[in-house]
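S.K.: show me how the following folds:
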Amino acid sequence: MSRAEVSSGEPGGSGGAPAPLNSRLVTIMAIATGAIVANLYYAQPLLHQVALTFSVGSTAASLVVTCAQIGYAAGLVLVVPLGDRHPRRTLVVGIFVVNAAWLALAGAAPTLWLFEVANLAIGAASVAGQVMIPFAADLADPARRGRVVARLMTGLLIGVLAARTVSGLVAQVAGWRAIYFFSAGLMLLFAAVLRAVLPGEQARPQVPYRALVGASFSLLANEPVLRRRAFDGACQFAAFSALWTSLAFLLSGAPYHYSKAVIGLYGLLGIGGVLAANVAGKMADLQRTRIVTTVSAAVLTGSFGLLALGRTSAVALIFGVLTADAGAQGVQITNQAIIYTVSEARSRITSAYMVCFMAGGALGSVTSGLVYSHAGWHGVCALGAGYGLLLLLGALRDHAWPVAARKTPAPAAGGRAARPLSE
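M.R.: I've put the predicted structure just below:
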């Protein structure tokens, strides 16, 4: 869908001139993206308390995060492609409302299995940001698309950071369940705001749902640049999730014995990722993607050396988290700036990429819980460094053998295909 197919007039309109992507609209979309993706991460600093409440070990508790990530991946496959078929304003608002209902259930869940089911559904209903990001990419001037995507991804990252911090603080005051009820109310508030401000869109071809979903996998199979960047995203998020899934267990035990509030404050260290996201967006607009990917991958991999020292040194742990977040976000922003040049079916492009991304995250979470149970924090750091090394080796390979984009892309189902750009 091109910019000319988006109505401006009043929100929800069906015709007229293209809607301008002004700073106010980008900011609101960025904040909303951060708010809904935060639901995936509220449990991370609370895993120790969740384990105590339900009388389970660290491995079983860490599955809560894995369930949310698996649910998110399912939403990427089954929900996000609908953004290439239905008006995205209506789709986004509906997702926020559904998310609120599942958050309320999670807060009230009396058993671990029901809490995990609720987190699975919360994950599936947290994909609104991945509908809005390609929406903003459609509206953006191509010369500034990397920076627009970076702003929304900055909102997403701040949401992730705030999730861990706010979750810890709320749990300290009102118990770990309270954050889920708080977020349910917040989702309803954002549903009302987005209903008012998002632009409407003209009708598009009603592609059969099965073909719509299948087109995402066709793009992944047929587009080498998308496939290459999806692998990078999976490795990056596996390393990132390995860190954050086990960090709460480290900080709640010897020698730290931190409270839930202090553990949550560690999320603020991801500010390094916010800065890296904006730098990466500008570099992507300047077509310097390979060097950003390589440097970011090296930073992410090297951060696990500092994190290993953090087993007994708070200073090393702090700097390790800062550098890990910076490296991870540098890779992610560059990836998304590149994949949006592959096709104008950007919701399906997002679906294909993010499924691989979240699959990597789920793998990182579940392996982190297992490794921490058997090999402790140093084992988790070795695991994260291994995922980072896969990413770095791929980035170095790209300098010698760049991945070539398809010269004659096949049209995506129900939409036009743009000529992809090489990296």
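
S.K.: can you tell me how far Ala30 sits from Gly129?
M.R.: Relative to Gly129, Ala30 is positioned 9 Å away (criterion: CB to CB, to the nearest Å). (C-beta placed from N, C-alpha, C; glycine too.)

S.K.: what touches both of those two?
M.R.: Where contact means CB atoms under 8 Å, 6 or more residues apart in numbering, the residues bridging Ala30 and Gly129 through contact with each are Leu152, Leu156.

S.K.: the strands in the stretch 51-200 of the chain, which residues?
M.R.: Listed in chain order, the stretch 51-200 of the chain contains no strands at all (DSSP state E, counting those that start in this stretch).

S.K.: next: the stretch 251-400 of the chain.
M.R.: Under the criterion DSSP E, counting those that start in this stretch, strands are not mapped anywhere in the stretch 251-400 of the chain.

S.K.: ranges for the helices of it?
M.R.: Taking DSSP state H, counting those that start in this stretch to define them, one finds helices in the stretch 251-400 of the chain at 260-265, 271-285, 289-309, 314-339, 346-400.

S.K.: low-confidence stretches in the stretch 151-300 of the chain?
M.R.: Within the stretch 151-300 of the chain, the stretches falling below the threshold (pLDDT under 70) are 203-205, 260, 264, 267, 270-288.

S.K.: now for Ser351: which residues touch it?
M.R.: Remark: with contacts taken as CB under 8 Å, 6+ apart, Ser351 is in contact with Leu76, Val77, Val80, Pro81, Gln130, Val213, Ser216.

S.K.: run the last query once more with 6 Å
M.R.: By CB atoms under 6 Å, 6 or more residues apart in numbering, the contact set of Ser351 is Leu76, Val80, Pro81, Ser216.

S.K.: with Ala118 instead?
M.R.: Contacts were defined as CB under 6 Å, 6+ apart; by that measure Ala118 touches Trp102, Leu105, Ala106, Ala109.

S.K.: so what pLDDT did Ala418 get?
M.R.: Here the pLDDT value assigned to Ala418 is 41.

S.K.: now the closest residue to Phe190 other than its chain neighbours: how far from Leu76?
M.R.: With sequence-adjacent residues excluded and distances taken as CB to CB, 6 or more residues apart in numbering, Phe190 is closest to Ala32, at 5.0 Å. Applying CB to CB, one obtains 18 Å for the distance of Ala32 from Leu76.

S.K.: if we can go back for a sec, out of the helices of the stretch 251-400 of the chain, which one sits most buried?
M.R.: Compared across the helices of the stretch 251-400 of the chain, helix 314-339 shows the largest average neighbour count, a mean of 24 (mean count of other CB atoms under 10 Å).

S.K.: can you give me the angle that helix makes with helix 346-400?
M.R.: 110 degrees (axes from the mean of the first three to the mean of the last three CA atoms, to 10 degrees).

S.K.: tell me what angle helix 314-339 forms with helix 289-309.
M.R.: Going by the same axes, to 10 degrees, helix 314-339 makes 160 degrees with helix 289-309.

S.K.: what about helix 314-339, average pLDDT?
M.R.: Per-residue pLDDT values over helix 314-339 give a mean of 86.

S.K.: sorry, back to before: three-state assignment of the residue nearest to Phe190?
M.R.: Using DSSP: H, G, I helix; E, B strand; the rest coil, the three-state assignment for Ala32 comes out as helix.

S.K.: quick one: it and Leu189 touch, right?
M.R.: No: checked against CB atoms under 6 Å, the pair Ala32 and Leu189 is beyond contact range at 9.9 Å.

S.K.: look at those two and report which has more neighbours.
M.R.: Between Ala32 and Leu189, counted using other CB atoms under 10 Å, the more crowded position is Ala32 (28 against 13).

S.K.: that older thread, which one (most neighbours) among the contacts of Ala118?
M.R.: For those, the largest number of neighbours (other CB under 10 Å) sits with Ala106, at 27 neighbours.

S.K.: need the contact list for that residue.
M.R.: Shown here is Ala106, whose contacts under the criterion CB under 6 Å, 6+ apart are Ala118, Tyr180.

S.K.: for it, give me the pLDDT.
M.R.: Predicted confidence (pLDDT) for Ala106: 92.

S.K.: now it: how far from Cys67?
M.R.: If you measure Ala106 against Cys67 using CB to CB, the figure is 11 Å.

S.K.: coming back round to it: in a markdown table: the contacts of Ser351, plus distance to Phe115.
M.R.: Rendered in a markdown table, the data for the contacts of Ser351 read as follows (distance: CB to CB, whole Å):
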| residue | distance to Phe115 |
| --- | --- |
| Leu76 | 22 |
| Val80 | 25 |
| Pro81 | 29 |
| Ser216 | 30 |
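
S.K.: can I get the residues you listed in JSON lines including neighbour count and distance to Glu116?
M.R.: What follows is those, written out as JSON lines (neighbours: other CB atoms under 10 Å; distance: CB to CB, whole Å):
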{"residue": "Leu76", "neighbour count": "26", "distance to Glu116": "19"}
{"residue": "Val80", "neighbour count": "30", "distance to Glu116": "23"}
{"residue": "Pro81", "neighbour count": "29", "distance to Glu116": "26"}
{"residue": "Ser216", "neighbour count": "28", "distance to Glu116": "26"}
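
S.K.: narrow those residues to those in helices?
M.R.: Per DSSP state H, helices hold the following members of these: Leu76, Ser216.

S.K.: out of the contacts of Ser351, which one has the weakest pLDDT?
M.R.: Looking at those, model confidence by pLDDT dips furthest at Ser216: 79.

S.K.: and the gap between it and Trp102?
M.R.: 24 Å.

S.K.: sorry, back to before: who wins for proximity to Ala61 among the helices of the stretch 251-400 of the chain?
M.R.: For these, distance to Ala61 was read as CB to CB. The smallest value, 7.7 Å, belongs to helix 346-400.

S.K.: thinking again about what came up before, tell me the spacing between the residue nearest to Phe190 and Met358.
M.R.: 20 Å.

S.K.: from what I can see Ile158 touches Ala35, true?
M.R.: No: Ile158 is beyond contact range of Ala35, at 9.6 Å (criterion: CB under 6 Å).

S.K.: helices of the stretch 51-200 of the chain, start to end?
M.R.: Counting by DSSP H, counting those that start in this stretch, residue ranges of the helices within the stretch 51-200 of the chain are 58-78, 88-108, 112-124, 128-139, 145-174, 178-197.

S.K.: to Arg290, which of the ones you listed lies closest?
M.R.: When these are ranked by proximity to Arg290, the top entry is helix 145-174, at 14.4 Å, counting by CB to CB.
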